[in-house]
Each structure stands twice: as C-alpha cells, then as structure tokens.
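A.B. asks: Provided below are the primary sequence and the corresponding predicted coordinates.
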Amino acid sequence: MRKTFAVSLLSLSLLTLAACKGNKENLSENLSYVLTFKTPDAAKRIELMNAATRVVQARVESMGGKVANQKVKPTNDTALLTLNISDLALVPPLTDGLTSPLSFRIMRKAEEKETADITVEQFGGFKETGLTEKELAWLSAAADTKSNPPTGIVVVELTPEGKTIFQEIAKKYKGKALGIFVRGRLVSMMNDVKDAQESIVISGIPTPQIATLFADDINVGLHVVFAPQK
C-alpha cells in the first residue's frame with residue numbers, strides 16, 4: 001500500500017498518536033493501567049516503569065491536559081500505574097495511544113521507477129529494507145555537549161539478528177540515504193552509514209530532554225504492554 005505523509009520534526013508531538021487538543025473542564029479521572037513487561041531483566045523493568053510514567057505525562061500534556069498523583073507499583077510480573085487526568089475527553093486517545101503497537105522502520109530511498117511504500121513531502125519515496133521494531137533491543141539517550149546549547153543523541157541498540165540485517169543494508173545501499181520511521185513518520189535521515197556499524201545513532205535532536213523522551217517512548221513501546229484496569 002502506498003502512503004503519503006508530511007515530514008514532521010522530532011518533537012514531543014511526534015511521540016503521541018492523538019492529534020486533538022483536550023477541552024479542559026476541570027474534571028479529574030482516576031485511571032489505572034496494568035503494565036506487563038516483555039523483559040525478565042529486573043533492572044530494565046525498573047527503568048521501564050519510570051519511563052512509562054514520563055511517556056504518559058508527555059502524551060497527556062501534548063494534548064493540553066495535566067497529570068496528577070501518578071504512581072507505579074510493581075507486583076509479581078507486572079506493575080500497576082495509577083494517575084489522575086485533568087480532562088475526561090483525553091482518556092480515550094491516551095488509552096488508544098498507549099495500547100497501540102509500536103512501528104519502527106529503517107527504509108531506503110526508492111529508485112525513480114519503483115513504487116514507494118511511503119512517500120514523504122520534500123523527501124520523496126521510501127521502500128522497506130526488512131529492519132523493523134522486531135530487531136530493536138534498547139535505546140539510550142545522552143546529551144551532545146559538543147553543541148552549545150547541548151543537543152540530544154539517541155543510540156539504538158539492535159538484536160544480534162538486527163545487527164546482521166543492518167550491516168547488510170549498509171553494504172547494499174552504501175552512499176544512499178536511509179530514513180528512520182517511527183509510527184509511519186520520518187524522524188531522521190542517515191546519509192553516512194558505515195559497513196561495520198552495529199548500532200544506529202540519531203543526533204541533532206533539539207534537546208537532551210526530547211532525546212530522553214524519544215528513547216522512553218520506543219523502549220516502552222517495545223517492552224511494555226498497557227492494559228486499562230476496569
């Protein structure tokens with residue numbers, strides 16, 4: 001299927017699926033989500049619980065709402081996240097965004113006579129390469145102190161299979177542009193991928209805080225399943 005999207009800057013708005021703003025009515029809603037983790041690593045679970053709270057707050061705030069009394073309590077193999085939200089109208093889009101599956105793609109620029117899988121305004125068409133969210137292991141964010149003020153960097157670690165696929169992509173499309181797509185949106189372009197590269201580095205992110213939230217969003221999407229508690 002051919003899809004067309006306008007390119008968007010890497011910003012907090014990118015990290016949400018909801019496009020509408022909430023109409024504030026000074027209401028308060030008690031929400032609870034059960035978090036199920038896809039990793040057995042206890043240290044990673046703690047990181048993911050903290051990341052989940054930041055992702056929820058950012059999504060609500062990007063829709064014009066506020067979060068209060070947010071808490072996460074681990075149980076046996078899960079955790080319970082509870083919070084109050086300022087606007088009842090934001091509950092459905094928040095839940096929809098949190099429960100929707102993550103989509104991550106490394107895509108190549110389409111050749112002139114090829115039918116593109118995705119077309120991005122100002123950047124043209126892109127084709128699938130075979131590297132998806134299934135090949136992601138973990139994302140880490142850091143500050144690039146070489147910039148003034150500091151910008152953000154995200155390192156995308158790949159699974160062993162993902163490293164092999166990425167190296168094959170780098171060799172096959174050496175010197176050609178590759179695009180990083182998250183949930184169908186172009187977030188970064190790569191123009192100088194090294195053959196032996198085993199991880200993906202996204203640099204030039206406006207601030208370290210946005211880099212952290214981007215990494216949080218992907219890590220949570222990869223390793224945490226949200227289920228509303230009724």
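C.D. replies: That came through fine.

A.B. asks: Counting by contacts, list what the helix or strand hosting V91 packs against.
C.D. replies: Secondary structure from DSSP states H and E places V91 in helix 91-99. Using 3 or more C-beta pairs under 8 Å, 6 or more residues apart in numbering; DSSP states H and E, the elements in contact with helix 91-99 are strand 29-37, helix 42-62, strand 224-228. Just so you know, the C-beta spots here come from the backbone N, C-alpha and C atoms, and that holds for glycine as well.

A.B. asks: and the second one, which residues are buried?
C.D. replies: When burial is assessed from 16 or more other C-beta atoms under 10 Å, helix 42-62 yields the following buried residues: 44-45, 47-49, 51-60, 62.

A.B. asks: low-confidence ranges in the protein?
C.D. replies: For the chain, residues meeting the criterion pLDDT under 70 lie at 1-28, 194-196.

A.B. asks: which residues in it form helices?
C.D. replies: 42-62, 91-99, 160-172, 208-223 (DSSP state H).

A.B. asks: quick one: furthest residue from the center of this protein?
C.D. replies: K113 (31.4 Å; C-alpha atoms, centre = their mean).

A.B. asks: still on that earlier bit, quick one, the helix holding V91 and helix 208-223 angle?
C.D. replies: 70 degrees (axes from the mean of the first three to the mean of the last three C-alpha atoms, to 10 degrees).

A.B. asks: What's the local residue count around the residue nearest to K109 when sequence neighbours are not counted?
C.D. replies: Among residues not flanking K109 along the chain, A177 sits closest, at 4.9 Å (C-beta to C-beta, 6 or more residues apart in numbering). Neighbourhood size, A177 [other C-beta atoms under 10 Å]: 16.

A.B. asks: Report the contact partners of A177.
C.D. replies: R108, K109, M189, M190, N191 (C-beta atoms under 8 Å, 6 or more residues apart in numbering).
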